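**Student:** A structural model of the following input is requested.
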Amino acid sequence: MSLNIVGITDTIFLSWLGEVELGAVGNANIFYFIFAFVGMGFTTGVQIILGRRNGQGLLREIGRNFDQGIYFILFYSSLAVVSILLASAFLIPLLVSSNEVLAGIQEFLRMRSWGIFFTLLNMGFISFYVGIAKTRVIAVLMPIASGLNIILDYGFIFGNLGLPQLGISGAAMASNISEGVGTLLLLVYTIRNVDLKKYDLFRFRAPNLSLLKHQLNLSSPLMLQNSLTLMAWFTFFSLIESLGERELAISHIVRSLYMLITFPLFSLGDATNTLVSNLIGRGEDESVFKLLKRVIVIGFGFNILVLIVSLTFSDEIIGVFANDPALIEAAKPTFYIVNAVLFLFCAGILSFRALSGTGLTRTSLGVEGMSVLIYLSYAYFVSKELKMGLEMTWTSEFIYFSFLLVGSLYFLRKRAWKQVDV
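**Tutor:** Numbering: from 1, shown residues only. Sure, this is the predicted structure:
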């Protein structure tokens with residue numbers, strides 16, 4: 001996901017400024033992700049609808065759903081900007097104990113909040129291309145935007161390339177500009193290379209409340225589900241922040257590496273989500289489990305390669321995010337933990353995305369809610385009550401993905417999607 005790559009790039013450059021800046025922007029990014037991922041829950045729901053219509057051969061319905069989805073994205077993004085700014089001023093001070101970390105979070109969010117328009121418009125375009133099973137354009141255009149973010153981070157954070165030195169605000173500005181360029185590239189490509197008449201795309205008729213209601217009925221559980229996931233992460237890192245600034249810095253380094261090594265698995269999950277919806281749209285329900293087995297095997301093969309590289313070059317990999325030998329050494333145990341959870345992560349996330357792809361979004365919300373509750377309870381008990389430290393707190397990942405896997409497989413085997421109208 002391009003949003004994750006932007007966050008990882010920010011982490012790498014800000015680690016050069018110091019541990020406080022690294023921890024502050026890491027927490028700020030997670031808070032921003034809460035609002036972004038809620039909106040992405042909507043685009044995922046639209047993606048499921050587009051995939052189903054593509055499987056049914058109702059191509060003109062794809063454009064109608066996409067256009068109406070853009071209306072909601074713009075409306076939601078406006079609300080999100082206001083909410084982020086208000087929460088930054090009044091809510092976050094209640095959750096952060098370090099004044100330096102708090103100041104860094106607020107500085108970042110004042111600038112970054114405006115980028116949510118581009119973040120979600122990009123997700124909307126990605127949903128369109130994934131829904132019609134033409135993802136090559138995403139693989140070409142989004143890396144261009146991510147590469148631009150690297151250049152702008154180098155310029156705006158440190159004052160290089162003739163740009164002003166803005167520090168934390170510079171990271172936020174670089175992210176906003178690069179995502180805005182990504183939106184422009186996707187728009188121009190779509191206009192020039194997609195058969196707009198075939199899909200009835202970019203007609204932008206008056207808002208269709210019945211169609212929007214259908215989209216929200218499917219998407220709202222995913223939106224709530226994503227908010228639960230990211231609120232859980234923000235709560236988790238708030239627990240880590242109470243352990244100390246070094247522990248917070250280590251955790252954000254490991255979080256960035258975690259996101260990097262699981263990026264292909266999330267992409268595989270997006271494909272699984274749409275392929276499942278396509279299969280059901282074509283009436284090939286029995287192929288759902290065959291597909292799930294195949295993608296899990298592919299994911300396991302990738303995980304084996306990641307483990308070999310991670311164990312062999314751990315110093316060099318962590319060193320990309322930290323230039324302090326003591327910090328690198330301190331981060332190793334937690335880095336090994338997230339590598340150990342990869343196979344459980346793979347099976348859990350792919351099964352969960354398959355469950356969402358069936359249209360059982362309310363069921364997937366229940367599975368997510370149960371998993372998050374147990375995950376946070378475990379993390380709180382280990383960190384606060386038993387005071388077992390950073391590494392044991394991170395073992396909560398095993399708990400989360402175990403319950404996510406079991407819950408997803410249970411409901412997939414019940415085949416309740418036959419009663420769902422997408």
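**Student:** Going by C-alpha atoms from here, please, whenever you check contacts or count neighbours.
**Tutor:** Noted.
**Student:** Alpha carbons of the host helix or strand of Ile150, in CSV - could you do that?
**Tutor:** Taking DSSP states H and E as the criterion, Ile150 maps to helix 136-158. Below are the C-alpha coordinates for helix 136-158, written out as CSV (Å, rounded to 0.1, in the frame of the first residue of the first chain):
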residue,chain,number,x,y,z
ARG,A,136,-0.7,-3.1,-13.7
VAL,A,137,-1.3,0.7,-13.7
ILE,A,138,-1.1,0.7,-9.9
ALA,A,139,2.2,-1.1,-10.0
VAL,A,140,3.6,1.6,-12.3
LEU,A,141,2.1,4.9,-11.2
MET,A,142,2.1,4.6,-7.4
PRO,A,143,5.8,3.8,-7.1
ILE,A,144,6.4,7.1,-8.9
ALA,A,145,4.5,9.0,-6.2
SER,A,146,6.4,7.1,-3.5
GLY,A,147,9.7,7.9,-5.1
LEU,A,148,8.8,11.6,-5.2
ASN,A,149,8.0,11.4,-1.5
ILE,A,150,11.6,10.2,-0.8
ILE,A,151,13.0,13.1,-2.7
LEU,A,152,10.7,15.7,-1.1
ASP,A,153,11.4,14.2,2.4
TYR,A,154,15.1,14.7,1.8
GLY,A,155,14.4,18.2,0.7
PHE,A,156,11.8,19.5,3.2
ILE,A,157,13.0,17.8,6.4
PHE,A,158,16.6,18.8,6.1
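**Student:** which helices and strands does it pack with?
**Tutor:** With contacts defined as 3 or more Cα pairs under 8 Å, 6 or more residues apart in numbering; DSSP states H and E, the packing partners of helix 136-158 are helix 2-14, helix 116-131, helix 168-193.
**Student:** Check the average confidence over the last one, would you?
**Tutor:** The predicted model assigns helix 168-193 a mean pLDDT of 95.
**Student:** Turn the helices and strands packed on helix 136-158 into JSON lines, including mean neighbour count and distance to Ser83.
**Tutor:** Output for the helices and strands packed on helix 136-158, formatted as JSON lines (neighbours: other Cα atoms under 10 Å; distance: least, Cα to Cα, whole Å):
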{"stretch": "helix 2-14", "mean neighbour count": "22", "distance to Ser83": "20"}
{"stretch": "helix 116-131", "mean neighbour count": "24", "distance to Ser83": "12"}
{"stretch": "helix 168-193", "mean neighbour count": "20", "distance to Ser83": "17"}
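**Student:** so which of these gets nearest Ser98?
**Tutor:** Closest approach to Ser98 among these is made by helix 168-193 (16.6 Å; Cα to Cα).
**Student:** Show the pLDDT at the nearest residue to Ser408 once chain neighbours are set aside.
**Tutor:** The shortest distance from Ser408 to any residue other than its chain neighbours is 5.3 Å, reached at Phe352 (Cα to Cα, 6 or more residues apart in numbering). Here, the pLDDT recorded for Phe352 equals 94.
**Student:** before we move on, what about Thr274?
**Tutor:** pLDDT, Thr274: 78.
**Student:** Could you find the closest non-adjacent residue to it?
**Tutor:** Per Cα to Cα, 6+ apart, closest to Thr274 is Gly51, 5.5 Å.
**Student:** so after the helix or strand hosting that neighbour, what's the next helix or strand?
**Tutor:** Take DSSP H and E as the rule and Gly51 turns out to sit in helix 19-56. Sequence order places helix 59-90 as the next helix or strand after helix 19-56, per DSSP H and E.
**Student:** Poorly predicted segments of this protein, please.
**Tutor:** 1-3, 419-422 (pLDDT under 70).
**Student:** List the contacts of the residue nearest to Thr274.
**Tutor:** Residues near Gly51 by Cα atoms under 8 Å, 6 or more residues apart in numbering: Val130, Gly131, Ile132, Ala133, Thr274, Leu275, Ser277, Asn278, Gly281.
**Student:** how long is stretch 184-204 from one end to the other?
**Tutor:** Using Cα to Cα, to the nearest Å, the end-to-end distance of stretch 184-204 comes to 18 Å.
**Student:** Check whether Ala206 sits in a helix, strand or coil.
**Tutor:** Assigned with DSSP: H, G, I helix; E, B strand; the rest coil, Ala206 falls in the coil class.
**Student:** Pull the number of nearby residues for it.
**Tutor:** Neighbour count for Ala206, taken as other Cα atoms under 10 Å: 9.
**Student:** Surely the residue nearest to Ser408 touches Phe403?
**Tutor:** No: assessed by Cα atoms under 8 Å, Phe352 is found out of contact with Phe403, at 10.5 Å.
**Student:** These two: which has the busier surroundings?
**Tutor:** Phe352 (26 against 19).
**Student:** quick one, what contacts that one?
**Tutor:** Contacts of Phe352 (Cα under 8 Å, 6+ apart): Ser364, Leu404, Leu405, Ser408, Leu409.
**Student:** picking that back up, separation between the residue nearest to Thr274 and Thr235?
**Tutor:** Separation of Gly51 from Thr235 (Cα to Cα): 34 Å.
**Student:** now do Leu218
**Tutor:** For Leu218, the distance to Thr235 - Cα to Cα - is 27 Å.
**Student:** and if you look at Met142?
**Tutor:** In terms of Cα to Cα, Met142 sits 30 Å off from Thr235.
**Student:** These two: who's more crowded?
**Tutor:** Comparing Met142 with Thr235 by neighbour count (other Cα under 10 Å), the higher total belongs to Met142, at 24 against 19.
**Student:** Is Ser363 in a helix, a strand, or coil?
**Tutor:** No Ser there; residue 363 is Thr. Secondary structure, three-state DSSP: Thr363 is helix.
**Student:** Skipping adjacent residues, who's closest to it in space?
**Tutor:** Nearest residue to Thr363, sequence neighbours excluded (Cα to Cα, 6+ apart): Phe411, at 7.8 Å.
**Student:** from memory Pro93 sits against Leu102, does it?
**Tutor:** Yes: between Pro93 and Leu102 there is a contact under Cα under 8 Å: 6.6 Å.
**Student:** what about those two, which has more around it?
**Tutor:** Leu102 (23 against 17).
**Student:** Skipping adjacent residues, who's closest to the more buried one in space?
**Tutor:** Nearest residue to Leu102, sequence neighbours excluded (Cα to Cα, 6+ apart): Val96, at 6.2 Å.
**Student:** Can you report how many residues lie near the one you found?
**Tutor:** Other residues close to Val96 by other Cα under 10 Å number 19.
**Student:** Same check on Lys197?
**Tutor:** Neighbours around Lys197, by other Cα under 10 Å: 12.
**Student:** Name all residues that make contact with it.
**Tutor:** When contacts are counted by Cα under 8 Å, 6+ apart, Lys197 touches Arg60.
**Student:** Toward the C-terminus, what is the element adjacent to the helix or strand harbouring it?
**Tutor:** Assigned by DSSP H and E, Lys197 belongs to helix 196-199. Using DSSP H and E, the helix or strand that directly follows helix 196-199 along the chain is helix 209-241.
**Student:** Thank you, goodbye.
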